[in-house]
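Q: Kindly generate the corresponding structure for this input.
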Amino acid sequence: MFKENLETIALFGGSFDPPHFGHKSVVEEALRVLEIDKLIVVPTFLNPFKTVSHFTTKERLALTKELFKPFNKVVVDDYEIEELKSTPTAQTLRYFQQKYNVKYLIIGADNLEHIEKWHEFEWLNSQITWVVARRKGYKIKSNKLRDVKILEVEVDISSTQIRNKESSIDEQK
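A: Numbers count the residues shown, from 1 in each chain. Below you'll find the model as predicted:
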């Protein structure tokens, strides 16, 4: 099948540990500014740069599906979770390229500092347009990226902050 006959999509992967309104804001802005037929959210089984997740894969998948349920053009896909291992983005991209014209890969600005350490970074960089969501406290330096779009989303929240607040509430009980 020719690439131009396939649906054009953006991929948005991450731990979603837990998913939150910052993720929702990124998706809302991406749907507003990107010319895509669909946005596919791909929760990881385990982030390649982490050793553990706070929530189980089942919980993260269910929470992520619930968060994005209101969006017609958004699909939450369990591809990486079904792999039952840490899955490099390059592998995930190849998988979705078999079914779609994957034009964009959405990442947070916090990923830019070590982006060249991603598995097969040069290949990834040649395949897609990077869509970088602004994040408070992180500068966007895109000199490593071949093609980049910036999402003007500056939500001051992260999954780590949510988990830390949850831990301090548990400690106070």
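
Q: low-confidence ranges in this protein?
A: 1-3, 154-173 (pLDDT under 70).

Q: Please enumerate the helices of it.
A: Ranges of helices in the chain, per DSSP state H, are 21-33, 57-68, 79-83, 89-97, 121-127, 159-172.

Q: Export those helices to CSV and append columns for mean neighbour count and distance to residue 49.
A: C-beta here means a position set from N, CA and C on the backbone, and glycine is covered the same way. Listed next are the helices of the chain as CSV, based on neighbours: other Cβ atoms under 10 Å; distance: least, Cβ to Cβ, whole Å:
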stretch, mean neighbour count, distance to residue 49
helix 21-33, 18, 18
helix 57-68, 17, 16
helix 79-83, 17, 14
helix 89-97, 17, 11
helix 121-127, 15, 13
helix 159-172, 11, 13
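
Q: For residue 150, find the nearest of those.
A: helix 21-33 (9.6 Å; Cβ to Cβ).

Q: between the closest one and helix 57-68, how big is the angle?
A: 50 degrees (axes from the mean of the first three to the mean of the last three Cα atoms, to 10 degrees).

Q: quick revisit: which one of the helices of the chain lies closest to residue 141?
A: Using Cβ to Cβ, the helices of the chain put helix 121-127 closest to residue 141, at 14.4 Å.

Q: contact partners of that closest one?
A: For helix 121-127, contacts defined as Cβ atoms under 8 Å, 6 or more residues apart in numbering pick out 89-90, 93, 97, 102, 105, 115, 118, 144-146.

Q: which two of these lie the greatest distance from each other?
A: Longest span within the contacts of helix 121-127, Cβ to Cβ: 97 and 144, 21.7 Å.

Q: Make JSON lines from the contacts of helix 121-127 and add distance to residue 130 to it.
A: As requested, the contacts of helix 121-127 are exported to JSON lines (distance: Cβ to Cβ, whole Å):
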{"residue": "89", "distance to residue 130": "11"}
{"residue": "90", "distance to residue 130": "14"}
{"residue": "93", "distance to residue 130": "12"}
{"residue": "97", "distance to residue 130": "16"}
{"residue": "102", "distance to residue 130": "12"}
{"residue": "105", "distance to residue 130": "6"}
{"residue": "115", "distance to residue 130": "8"}
{"residue": "118", "distance to residue 130": "11"}
{"residue": "144", "distance to residue 130": "9"}
{"residue": "145", "distance to residue 130": "5"}
{"residue": "146", "distance to residue 130": "8"}
